[in-house]
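> Have a look; sequence and predicted model below, questions after that.
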Amino acid sequence: EDVERTLLFKARHGDVTRAPNYYRILYAFHVFRGNYRNAASAMYQYARRLAAHMRTAGDVRRMLRDQTQALLACANALELVDPRYAWVVVGRLHAPDDPPLPVHAKRKRRRIAVGRFNDSESPVSASASAGGSATQDIDIVELADIRREYLMCTARHTLGATFHELFARNLLLEADDLVALYVKTGNYDSAIALSAAFGLDLDYVFRSLAHKCLELSSVGGGLASVAVQHEHVPVAFWENAPVRSAVGTPSERAWRLLQRYLDREEAGEGDGDQLHARGSDCRYRLLVAGVVLAADTDAELAPWLTSPLLRRCPHDLVRLCLRHGCVTEAAGFLLTHVNALTARLVSEPSSAAAAAASAPLAKTTRELWLPYKLVDQTVGALDDAVARFEDAVAKIKRAKKQAKKNAAGGAGKGGEVARLKALRNSYRDRLDGLVRLHSDLQAAFDRYMECAARESRDISQLCDTS
């Protein structure tokens, strides 16, 4: 105990930038004795001392590296402790030289106990006993808090190689600031990990990655274009795990990276709490689809992007297409959804009846519903599109007649007639496709209504007999 108390006193009052480093000696002493919680406490106090010292003097880059290593050693030591006791107690004297809590630590939940702290083994108590009693607070720092601080220090140290202003003194950083810098350098793995640790949403990450995919795709194919794509890709982009295992051009790898992130996010996979588990929530997939349609309304959404949306939230996908003016795509997705609902009603006629038999009061309840308002909106948008194309075809037809008259009188060129003819044929094909889609959607909706009415009658009969 005398040795431990002496090491505590020397660590508390020693210079953390000079050898010997008593915090490391104290850490090794506790590890040798198998006291991992005290070892973690020593490393955490060392990290806080470094954070306080780098605000006034010293090499910020080197001390930030040492702080990161200290937090990592602290987290590793607490991993060896029973999860119920994976926390450290840190006393805080009300003194000017006592380092305040980091800004990102204040944002997260942290248990605080206010009052007297008389643990004789604490370095704070040792200094208090040397200079008299002191009123103090204690912080109960959990393993999750230490991991968050470690991620913040790692991000600042890593990004400082590119953004040298991160090594400035008295720098106040938030987690979302570092996420934005990670995204700017193309390190999406670290951006998602940091966002998950702090409970931040990934809107900015997915939106930025979608824009990067569109930027690379706009360059085109070919060897020369691939070389240009490489120029538009940051070096850190190639360090993302899904990119390293993929093959193809930079644009193809970027799209695969985006697909992999979306799949993992919705499945809630990853190491520990790396990604947010949202189950059937397609929020980020809808966000990416919106970015693609906003950039080009004629763009064709990839099947890997739309298939999960059609299974989980088809109504949101149709509304998204209508919002961006993609009437044909909206009608096509709605047609697919209506056909799928009809097929389920036909293939599973007894499911709703069994549910009604178990709950006779819910006579009007059905498992599968179709939003009729959305159908009306889509059909109305199709009617408007058909009317616009009919009007455009009529105008082109009149312009073609006038061009023929001008060409016959020598006042016009024959090439204008051919151009208008090709344009009219193109518009006529688009118009025929819209009319056909309108007819198919109406027929599918009628079939659904017939199946739904038959199902409702079956439910009512079973409820009446029961």
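Alright, I've got the coordinates. Residues are numbered from 1 along each chain as shown.

> so where is the stretch 1-150 of the chain shaky, pLDDT-wise?
Along the stretch 1-150 of the chain, the model assigns pLDDT under 70 to residues 92-137.

> Helices along that one, start to end?
2-13, 22-33, 36-53, 60-79, 103-107, 123-131, 143-159 (DSSP state H, counting those that start in this stretch).

> again, but for the stretch 251-400 of the chain
283-295, 303-312, 314-323, 327-347, 349-358, 372-408.

> Of all those, which one is nearest Tyr427?
Closest to Tyr427 of the helices of the stretch 251-400 of the chain, according to Cβ to Cβ: helix 372-408, at 5.1 Å. Backbone N, C-alpha and C define where each C-beta goes, glycine included.

> Show me what secondary structure element comes after the closest one.
Moving toward the C-terminus from helix 372-408, the next helix or strand (DSSP states H and E) is helix 414-465.

> so how far is that following helix from its chain's centroid?
Centroid displacement of helix 414-465 relative to its chain, using Cα atoms, centre = their mean, to the nearest Å, is 36 Å.

> other SSEs contacting that helix?
Helix 414-465 is packed against helix 327-347, helix 349-358, helix 372-408, with contacts defined by 3 or more Cβ pairs under 8 Å, 6 or more residues apart in numbering; DSSP states H and E.

> Determine how far the longest one lies from the middle of the whole chain.
Right, helix 372-408. 42 Å.

> can you check the first one too?
Relative to the centre of its chain, helix 327-347 is centred 29 Å away, using Cα atoms, centre = their mean.

> Enumerate every residue touching the residue nearest the centre of the chain.
Closest residue to the average C-alpha location of the chain: Leu202 at 2.7 Å, with Cα atoms, centre = their mean. Residues near Leu202 by Cβ atoms under 8 Å, 6 or more residues apart in numbering: Ile192, Ser195, Glu265, His276, Tyr284.

> Equivalent analysis for Gln377, please.
Counting by Cβ under 8 Å, 6+ apart, Gln377 touches Leu322.

> Please apply the same query to Tyr36.
The contact partners of Tyr36, by Cβ under 8 Å, 6+ apart, come to His30, Ala77, Leu78, Leu80, Val81.

> any weak-confidence spans in the stretch 301-450 of the chain?
Applying pLDDT under 70 to the predicted model, the residue ranges of the stretch 301-450 of the chain that meet it are 348-368, 408-414.

> Let's have the helices of the stretch 251-400 of the chain in JSON lines, adding distance to Glu1.
Below are the helices of the stretch 251-400 of the chain laid out as JSON lines (distance: least, Cβ to Cβ, whole Å):
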{"stretch": "helix 283-295", "distance to Glu1": "55"}
{"stretch": "helix 303-312", "distance to Glu1": "61"}
{"stretch": "helix 314-323", "distance to Glu1": "65"}
{"stretch": "helix 327-347", "distance to Glu1": "72"}
{"stretch": "helix 349-358", "distance to Glu1": "69"}
{"stretch": "helix 372-408", "distance to Glu1": "74"}
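
> Which one of those lies nearest to Glu239?
helix 283-295 (21.9 Å).

> Tell me the buried residues in that closest one?
Arg283, Tyr284, Arg285, Leu286, Leu287, Val288, Ala289, Gly290, Val291, Val292, Leu293 (16 or more other Cβ atoms under 10 Å).

> isn't the fifth one right up against Val205?
The one in question is Leu287. No - Leu287 is beyond contact range of Val205, at 10.2 Å (criterion: Cβ atoms under 8 Å).

> Which residue comes closest to Cys326 once chain neighbours are left out?
Take Cys326 and drop its neighbours on the chain: the residue closest to it by Cβ to Cβ, 6 or more residues apart in numbering is Thr297, 5.6 Å away.

> Can I get stretch 194-212 in CSV, CA atoms only?
Written as CSV, here are the backbone C-alpha positions of stretch 194-212 (Å, rounded to 0.1, in the frame of the first residue of the first chain):
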residue,chain,number,x,y,z
LEU,A,194,-18.1,7.5,-34.9
SER,A,195,-21.7,8.3,-35.7
ALA,A,196,-22.9,5.0,-34.2
ALA,A,197,-20.9,5.6,-31.0
PHE,A,198,-22.5,9.0,-30.5
GLY,A,199,-25.9,8.1,-31.7
LEU,A,200,-25.8,10.5,-34.7
ASP,A,201,-27.9,9.9,-37.7
LEU,A,202,-26.2,9.0,-41.0
ASP,A,203,-28.1,11.3,-43.3
TYR,A,204,-25.0,13.3,-44.1
VAL,A,205,-22.8,10.2,-44.6
PHE,A,206,-25.2,8.5,-47.1
ARG,A,207,-26.1,11.8,-48.9
SER,A,208,-22.4,12.6,-49.4
LEU,A,209,-21.6,9.0,-50.5
ALA,A,210,-24.5,9.1,-53.0
HIS,A,211,-23.3,12.4,-54.5
LYS,A,212,-19.8,10.9,-54.8
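
> List of residues touching stretch 385-401?
Identification of contacts with stretch 385-401 by Cβ under 8 Å, 6+ apart yields 327-328, 417, 420-421, 423-424, 427-428, 430-431, 434-435, 438.

> go with 10 Å
Around stretch 385-401, the neighbours that count as contacts under Cβ atoms under 10 Å, 6 or more residues apart in numbering are 325, 327-328, 331, 416-435, 437-438.

> Name the residues of that stretch that are buried.
Ala385, Val386, Phe389, Ala392, Val393, Ile396, Ala399, Lys400.

> Now render those as JSON lines, adding distance to Val179.
Formatted as JSON lines, these follow (distance: Cβ to Cβ, whole Å):
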{"residue": "Ala385", "distance to Val179": "41"}
{"residue": "Val386", "distance to Val179": "46"}
{"residue": "Phe389", "distance to Val179": "45"}
{"residue": "Ala392", "distance to Val179": "47"}
{"residue": "Val393", "distance to Val179": "51"}
{"residue": "Ile396", "distance to Val179": "51"}
{"residue": "Ala399", "distance to Val179": "54"}
{"residue": "Lys400", "distance to Val179": "57"}
